[in-house]
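A.B. asks: My questions are about this predicted structure, shown below with the sequence.
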Amino acid sequence: MQKTVSKTIEFNGYGLHSGKPVKMSVAPSGVNTGIVFVRSDVLEDADDQREAFIPARWDCVEPSQLCTLMRNDDGVTLSTVEHIMAALAGCGICNAIIRVDGPEVPILDGSSSDFVREILAAGIQSQRANLRVLKILKAVEIKRGDAFARLEPCETTEISFHIDFEDEAIGSQQKQMVMSNGAFVKELSNCRTFCRQSEVDWMQENGLALGGVAGENAVVFDGAHVNGGEQGLRYKDEPVRHKMLDALGDLYLAGAPILGRYIGSKSGHAMTNALLRELFNTKGAWVFEYADENTQAKLPGAGVDKVEHAHCA
């Protein structure tokens with residue numbers, strides 16, 4: 001069955017890069033709507049209301065290394081959508097209208113934790129319509145230098161990720177997880193975005209990351225030093241877990257849950273989107289089909305109302 005949120009949920013925060021206040025709401029929507037973003041600030045002055053609507057779809061994504069940036073046909077943009085998309089995927093929400101009063105989704109604590117918590121608190125509403133899934137039929141892969149991203153057939157939704165950084169506090173990390181049985185909610189949803197101190201310095205010198213606060217909405221690494229706030233890291237391998245969170249959110253821009261295995265090594269937002277583009281351009285590599293009860297039990301959103309939310313700060 002398709003699902004939406006039971007009632008409208010509101011969030012208040014700041015944009016990671018602009019540092020400006022942002023208000024966002026996630027509202028219930030009818031069957032087959034999908035996830036649709038609305039720039040409410042643009043809507044107020046638009047001659048045509050459609051100018052403010054941005055469908056959460058892979059072909060609306062523009063290449064960006066720092067976040068997932070979307071643009072509609074009228075040139076209206078919205079950035080940093082990956083964490084709310086991961087929360088929706090992890091909770092099994094496939095229909096929702098998300099209104100944002102600025103060009104960025106609020107960063108909150110740098111993870112999907114607050115989004116997940118409020119979605120579960122509001123409740124998840126089943127709808128009288130069959131759920132469509134994207135089934136991977138044959139492997140598709142892209143490479144850029146020593147980085148790669150791959151989608152291959154699998155009977156569940158599975159993510160495997162590898163990262164390797166010079167900073168001693170990060171180093172080489174690898175993790176593989178099946179996303180069913182609420183795994184995202186329990187083990188990934190509270191893992192925060194991270195960066196290196198040199199990257200923070202560069203971004204802020206160039207007018208970016210103005211809303212970033214080390215330890216509050218991002219973990220900052222500098223060699224062997226970790227600035228993760230009073231609690232430090234939430235997991236020893238929080239960085240690779242956050243990359244898995246990002247991947248789930250970016251993959252949900254396929255327009256449906258993916259029944260397949262994603263393997264990423266040193267990859268990021270741009271590569272995941274490029275992988276989706278390669279997938280949809282590869283004949284015979286995919287098919288949309290309706291999920292039966294057995295298939296739905298293997299998807300990330302199955303049974304999330306019965307699991308405990310990840311421990312949060």
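C.D. replies: Now that the structure is in, tell me what you want to look at.

A.B. asks: Next one: the spatially most central residue of the chain from Arg132, what distance?
C.D. replies: By CA atoms, centre = their mean, the chain has its centre lying nearest to Gly249, at 2.3 Å. Counting by CB to CB, to the nearest Å, the gap from Gly249 to Arg132 is 19 Å. Backbone N, C-alpha and C define where each C-beta goes, glycine included.

A.B. asks: follow-up on the earlier one: pretty sure the residue nearest to the centre of the chain sits against Cys91.
C.D. replies: No: in this structure, Gly249 is not within contact of Cys91 by CB atoms under 8 Å, at 11.9 Å.

A.B. asks: Tell me if I'm right that Glu155 and Asn294 touch.
C.D. replies: No: contact criterion CB under 8 Å: Glu155 and Asn294 do not qualify, at 9.7 Å.

A.B. asks: how much space is there between Val38 and Lys7?
C.D. replies: Taking CB to CB, one finds Val38 at 17 Å from Lys7.

A.B. asks: all strands for the stretch 51-200 of the chain, in order.
C.D. replies: Using DSSP state E, counting those that start in this stretch, the strands found in the stretch 51-200 of the chain span residues 53-55, 61-62, 69-71, 77-79, 96-100, 124-127, 132-136, 140-144, 147-152, 157-164, 172-178, 194-196.

A.B. asks: For the third one, give the mean pLDDT please.
C.D. replies: In this model, strand 69-71 has an average pLDDT of 95.

A.B. asks: Name every strand pairing with that strand and say which way it goes.
C.D. replies: The pairing partners recorded for strand 69-71 under DSSP bridges are strand 61-62 (antiparallel), strand 77-79 (antiparallel).

A.B. asks: hang on, the earlier thing: give me the more crowded residue out of Val38 and Lys7.
C.D. replies: Val38 (20 against 12; other CB atoms under 10 Å).

A.B. asks: Where does the prediction get shaky in the protein?
C.D. replies: 65, 306-313 (pLDDT under 70).

A.B. asks: returning to what we had before: identify whichever of the strands of the stretch 51-200 of the chain lies nearest to Lys23.
C.D. replies: strand 96-100 (7.6 Å; CB to CB).

A.B. asks: Please enumerate residues in contact with that closest one?
C.D. replies: Defining contact as CB atoms under 8 Å, 6 or more residues apart in numbering, one finds that strand 96-100 is touched by 4-5, 22-29, 33, 35-40, 78, 84, 88.

A.B. asks: So what's the gap between it and the chain middle?
C.D. replies: 15 Å (CA atoms, centre = their mean, to the nearest Å).

A.B. asks: And stretch 182-196, by the same measure?
C.D. replies: 10 Å.

A.B. asks: Then stretch 29-38?
C.D. replies: That offset, for stretch 29-38, works out to 17 Å (CA atoms, centre = their mean).

A.B. asks: repeat for stretch 105-114
C.D. replies: Centre to centre, stretch against its chain (CA atoms, centre = their mean), the figure for stretch 105-114 is 11 Å.

A.B. asks: Stretch 21-30 too?
C.D. replies: 16 Å.

A.B. asks: Can you list the buried residues in it?
C.D. replies: Neighbour-count burial for stretch 21-30, counted by 16 or more other CB atoms under 10 Å, picks out 22, 24-29.

A.B. asks: and of those residues, the nearest to Ala224?
C.D. replies: Of those, the one sitting nearest to Ala224 (CB to CB) turns out to be Val22, at 34.2 Å.
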